[in-house]
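1. the following block contains a protein sequence and its predicted model.
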Amino acid sequence: MKVDVLVIGGGSAGLAAAVTSARAGLNTVMVERHGMAGGMGTASLVHTFCGLYLIDGDEARHANVGLPEEIADRMIMATRSGPVKMGRVWVLPQHPVEFARISDELLRESGVKVLFHSEVVSLEPGWRAKVVCRGEFHKVEAAAVIDASGDAVGAAMLGLEDQRAAADRLQRPAYVSGIQGVIGELAGLTLSGRIVEGIRSGDLPKAALGMHFRSSGRPGEIFGTLDLSGEESGAYDPTDPACLSALEEAGRTVTGAVMRYFQAKQEGWERAYVSHWPARAGVRESRRYRGDRVLTGDDVLSARRFDDEVALASWPLELRETNRGPKLRYPEGGQPAGIPAGALRVAGMPGLYVAGRCISCDHQAQASIRVMGTCFATGQAAGRMVAGSPAE
């Protein structure tokens, strides 16, 4: 198969990159390992779009125009729920089921060729790729590649230097599950206190500390989010199969223990049950590329702007280096930082672009740019760059 653009990964960044390049008239193929696009927002059940809006303000104002706005508008129409302010930041509640449908519509309408249940297993300059699906191999030749895998898989296949933080500093993963059958209002402090009681009594593992719940916006349905240590099988390595397997097992085991405890101890939870598990745990950080420019945490905190910026980072540094909750650091004056085009171009590799959480940045900047709203923006920017119009 010969195409203009190969997009690796169909998460929020890959979706935006593929749709943008296809709308520009480029023959685009998107390869996604799951059976739906959306990544963290569908497969991992992350139910809030963060980074769409500017910090502070009395109303939600989009940080990046174009496709991020369009996706937000489609989600608002689907859920009938608008932006919500949480502290200093505006977020948009989203539902994974609707995001999967919206993604399908965008891909179909723009003419992207989609290869679900497939993975790129080799990549060579040129750009020649080998894609595998159920043991069958397919060759793809592309004029340009956008790596939106989240894990910089192209960097590994090309033998590029692995840019990642030390294992003890990597942002910790999360495990989100769907729950039904809860009667009554969610009382966050009450539930948190009940979990603490369970840990003290020995009825719950310490790993349950910090698990929290949020309504999905649909009658009788909530989401439970558990932050994991990442060290269930030793040092955290989000590219190691043993580590990833331990994450999935721990997520289900701990969530199951909390559910059984609440069924016995918490009024209104007697008939509650887990209605669906995520397809995968939510990994927040792994490999990154080294680009022509490296966006830093200082750049984000100083709200630095660039002459060649192609998107804006409007989320604070959300550092989750432990599973004990986030540490937020806000930029000066709550202003957004620019994301330069050089952070989306891979150094020494003409024709290779990157979008999403594995763009060229340091560990601290990654804590800001990894959220889905910003990933929509960098995906859109990468799609425009391959089409030769980065400044649109």
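-> Arrived safely, thanks for sending.
2. C-alpha from now on. contacts and neighbour counts both.
-> Noted.
3. longest helix in this structure, by residue count?
-> The longest helix of the chain (DSSP state H) is helix 241-265.
4. convert the helix or strand just after that one to PDB, retaining C-alpha atoms only.
-> Downstream of helix 241-265, the next assigned helix or strand under DSSP states H and E is strand 273-276. Only the C-alpha atoms of strand 273-276 are listed here, as PDB (Å, rounded to 0.1, in the frame of the first residue of the first chain):
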ATOM      1  CA  TYR A 273     -21.300  -3.700  40.200                       C
ATOM      2  CA  VAL A 274     -18.500  -3.200  37.800                       C
ATOM      3  CA  SER A 275     -20.200  -2.900  34.400                       C
ATOM      4  CA  HIS A 276     -17.100  -2.700  32.200                       C
END
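5. what packs against strand 273-276?
-> strand 174-180, helix 241-265 (3 or more Cα pairs under 8 Å, 6 or more residues apart in numbering; DSSP states H and E).
6. going by neighbour count, list what's buried in the very next helix or strand once past the first one.
-> Put plainly, it is strand 174-180. Next helix or strand after strand 174-180 toward the C-terminus (DSSP H and E): helix 188-201. By neighbour count on 16 or more other Cα atoms under 10 Å, the buried set for helix 188-201 is 191, 192, 194, 195, 196, 198, 199.
7. now those in TSV, with distance to residue 145 and pLDDT?
-> TSV is the format used below for those (distance: Cα to Cα, whole Å; pLDDT from 0 to 100):
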residue	distance to residue 145	pLDDT
191	46	94
192	45	94
194	49	95
195	47	97
196	48	96
198	50	97
199	48	97
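8. what is the nearest of the residues you listed to residue 302?
-> residue 192 (35.3 Å; Cα to Cα).
9. got a list of what the closest one touches?
-> Residues in contact with residue 192 (Cα atoms under 8 Å, 6 or more residues apart in numbering) are 209, 210, 211, 212.
10. take these and keep only those in strands.
-> residue 212 (DSSP state E).
11. how about the helices of the stretch 251-392 of the chain, start to end?
-> 297-301, 363-369, 372-386 (DSSP state H, counting those that start in this stretch).
12. about what we covered before: quick check: which of the helices and strands packed on strand 273-276 is buried the most?
-> strand 174-180 (a mean of 23; mean count of other Cα atoms under 10 Å).
13. ok, back up a step: with mean pLDDT and distance to residue 223 as added columns, please give the helices and strands packed on strand 273-276 in CSV.
-> CSV is the format used below for those (pLDDT from 0 to 100; distance: least, Cα to Cα, whole Å):
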stretch, mean pLDDT, distance to residue 223
strand 174-180, 98, 5
helix 241-265, 97, 11
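14. want to throw those into a markdown table with distance to residue 82?
-> A markdown table is the format used below for those (distance: least, Cα to Cα, whole Å):
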| stretch | distance to residue 82 |
| --- | --- |
| strand 174-180 | 21 |
| helix 241-265 | 29 |
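15. nearest to residue 367, out of the ones you listed?
-> Taking Cα to Cα, strand 174-180 is the member of the helices and strands packed on strand 273-276 nearest to residue 367, at 14.2 Å.
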